[in-house]
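Q: Sequence plus predicted model, see below.
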Amino acid sequence: MVRCSAAPRLLANTGCVMIVAACASAPVQQSAAPANPVVFGYELSTHPESALATARFALGTLDGAIQMPQVRPKFTTISTHYMRPRRGGGQRQVAIIIAVDRAQTKRDSALVTLLEIRGFAVDMAEQAPTGLRRTGLPRTALSTNAPALRTPRPVTPADTVDWRSLLLVMESLEASGARRLP
């Protein structure tokens with residue numbers, strides 16, 4: 001289930017570069033991530049600086065580390081990262097990212113700032129202990145419990161815990177006066 005907004009695709013230009021920066025993992029064989037992340041568009045009738053402060057406040061509802069804003073020519077992104085245990089061993093790093101348009105748009109004779117919110121997750125293998133091994137052979141993916149997908153992937157409703165975190169940030173934006181775009 002992919003939802004697209006009427007807002008311009010603010011994060012489309014940075015694509016993989018921003019995703020890798022948002023969810024860094026150890027270099028291992030890479031797989032192709034799903035191409036269509038779930039994107040939610042919002043508009044907020046305020047200046048871009050105030051919209052960025054609102055986005056930071058909304059991300060603060062999660063128990064994670066808010067990253068410094070990354071300023072780009074057309075938009076500014078702000079994100080929060082958190083880690084949680086992964087079922088089957090290892091950890092999952094999740095990044096919830098909000099892009100704030102740097103220029104206001106006129107809509108119904110009022111100036112609004114557009115926002116986009118999306119989430120990405122990366123599964124990381126459990127770190128193998130450095131103790132003695134029975135054989136001199138290197139550890140394989142099976143012996144380190146490595147997940148099959150090591151590239152950042154979009155958070156979807158199938159990721160129930162992480163999806164709820166994304167919804168919590170969306171509820172906080174709506175409580176701050178943001179209007180969800182269809």
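A: Structure received.
Q: could you say what helices and strands the longest strand belonging to the chain packs with?
A: Counting residues, the longest strand in the chain under DSSP state E turns out to be strand 110-124. Judged by 3 or more CB pairs under 8 Å, 6 or more residues apart in numbering; DSSP states H and E, strand 110-124 is in contact with strand 40-44, helix 48-59, strand 91-101, strand 105-107, strand 153-154, helix 160-175. In short, each C-beta sits where N, CA and C put it, glycine included.
Q: Moving C-terminal from the last one, which element do we reach first?
A: Looking back up the chat, that one is helix 160-175. Under the assignment DSSP states H and E, the closest C-terminal helix or strand after helix 160-175 is strand 179-180.
Q: ok, back up a step: now the helices and strands packed on strand 110-124 in TSV, with distance to I117, mean neighbour count and mean pLDDT?
A: Shown next, in TSV, are these (distance: least, CB to CB, whole Å; neighbours: other CB atoms under 10 Å; pLDDT from 0 to 100):
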stretch	distance to I117	mean neighbour count	mean pLDDT
strand 40-44	5	23	95
helix 48-59	8	20	96
strand 91-101	5	24	94
strand 105-107	17	12	88
strand 153-154	12	19	90
helix 160-175	6	16	94
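Q: which one of the ones you listed lies closest to F75?
A: strand 91-101 (4.8 Å; CB to CB).
Q: Just the CA atoms of the closest one, as PDB, please.
A: In PDB, the C-alpha atoms belonging to strand 91-101 read as follows (Å, rounded to 0.1, in the frame of the first residue of the first chain):
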ATOM      1  CA  GLN A  91      19.000  -5.000  15.800                       C
ATOM      2  CA  ARG A  92      16.800  -2.800  13.600                       C
ATOM      3  CA  GLN A  93      17.800   0.900  13.100                       C
ATOM      4  CA  VAL A  94      14.800   3.100  12.100                       C
ATOM      5  CA  ALA A  95      14.900   6.600  10.700                       C
ATOM      6  CA  ILE A  96      11.800   8.800  10.600                       C
ATOM      7  CA  ILE A  97      12.500  11.600   8.100                       C
ATOM      8  CA  ILE A  98      10.500  14.900   7.600                       C
ATOM      9  CA  ALA A  99      11.300  17.100   4.600                       C
ATOM     10  CA  VAL A 100      10.200  20.700   4.900                       C
ATOM     11  CA  ASP A 101       9.900  22.800   1.700                       C
END
